[in-house]
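K.L.:
sequence unavailable; structure follows:
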């Protein structure tokens with residue numbers, strides 16, 4: 001049995017959790033998220049906490065027990081606080097801007113790169129070299145940040161590219177010619 005799955009998820013005030021069959025819906029001050037739980041995991045709401053049980057002793061039930069608990073915990077955090085990822089753009093002339101529902105990146109290609117914002121993800125550029133993605137769903141925010149970073153990942157020689165704000169890029173020494 002999962003140690004993490006045994007812990008209940010506490011429901012803060014202002015948040016409601018509803019379970020209908022295998023579907024879990026969480027509603028809070030920032031919005032609403034729903035998720036279809038795996039059939040091998042049982043979900044129950046008791047007073048102000050959500051508990052999880054394994055319906056069988058199969059391998060998938062053991063693996064999904066802690067996963068289901070953590071996904072519901074992320075949903076509760078998402079509707080109360082939300083999630084955000086910050087990306088920094090490093091390079092001379094590299095910048096980003098928002099045009100409608102698109103993020104437009106000018107990062108050294110002969111054309112600007114346009115990335116459509118997915119539903120549930122908001123994006124802003126407080127500075128031309130910084131992109132902040134926010135949303136309720138941790139997976140969607142992280143996936144969008146990964147897609148943006150993959151357009152021009154940081155390179156190890158000059159450090160140019162798009163990186164997470166807390167990412168450390170290990171620099172390499174360039175070739176040196178000499179005797």
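P.N.:
Right, received. Where do you want to start? Since this is a predicted model, take the numbers as computed values, not measurements.

K.L.:
ok, and what's touching the helix or strand hosting residue 147?
P.N.:
According to DSSP states H and E, residue 147 maps onto helix 138-151. Helix 138-151 has contacts (C-beta atoms under 8 Å, 6 or more residues apart in numbering) with 74, 77-78, 83-85, 87, 103, 105, 107, 113, 115, 117-118, 120-121, 123, 131, 133-135, 162-164. For the C-beta atoms, the positions are set from N, CA and C on the backbone; glycine is no exception.

K.L.:
now do 7 Å
P.N.:
Contacts with helix 138-151, where a contact means C-beta atoms under 7 Å, 6 or more residues apart in numbering, come from 74, 78, 83-85, 87, 103, 105, 107, 113, 115, 118, 120-121, 131, 133-135, 162-164.

K.L.:
gap between that helix and the chain center?
P.N.:
Distance of helix 138-151 from the chain centroid (C-alpha atoms, centre = their mean, to the nearest Å) equals 7 Å.

K.L.:
the following helix or strand past that helix - contacts with which helices or strands?
P.N.:
Proceeding N to C from helix 138-151, the next assigned helix or strand is strand 161-164, under DSSP H and E. Packing partners of strand 161-164 (3 or more C-beta pairs under 7 Å, 6 or more residues apart in numbering; DSSP states H and E): strand 83-90, helix 138-151.

K.L.:
and strand 161-164, what's buried?
P.N.:
Residues 161-163 are the ones in strand 161-164 that count as buried (16 or more other C-beta atoms under 10 Å).

K.L.:
returning to that earlier point: list buried residues within the contacts of helix 138-151.
P.N.:
74, 78, 83, 85, 87, 103, 105, 107, 113, 115, 118, 120-121, 131, 133-135, 162-163.

K.L.:
would you mind splitting the chain into its domains for me?
P.N.:
Using automatic domain parsing, the domain parsing of the chain gives 3-80, 83-164.

K.L.:
make CSV out of those and add distance to residue 176 and mean pLDDT.
P.N.:
Below are those laid out as CSV (distance: least, C-beta to C-beta, whole Å; pLDDT from 0 to 100):
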stretch, distance to residue 176, mean pLDDT
domain 3-80, 48, 93
domain 83-164, 12, 95
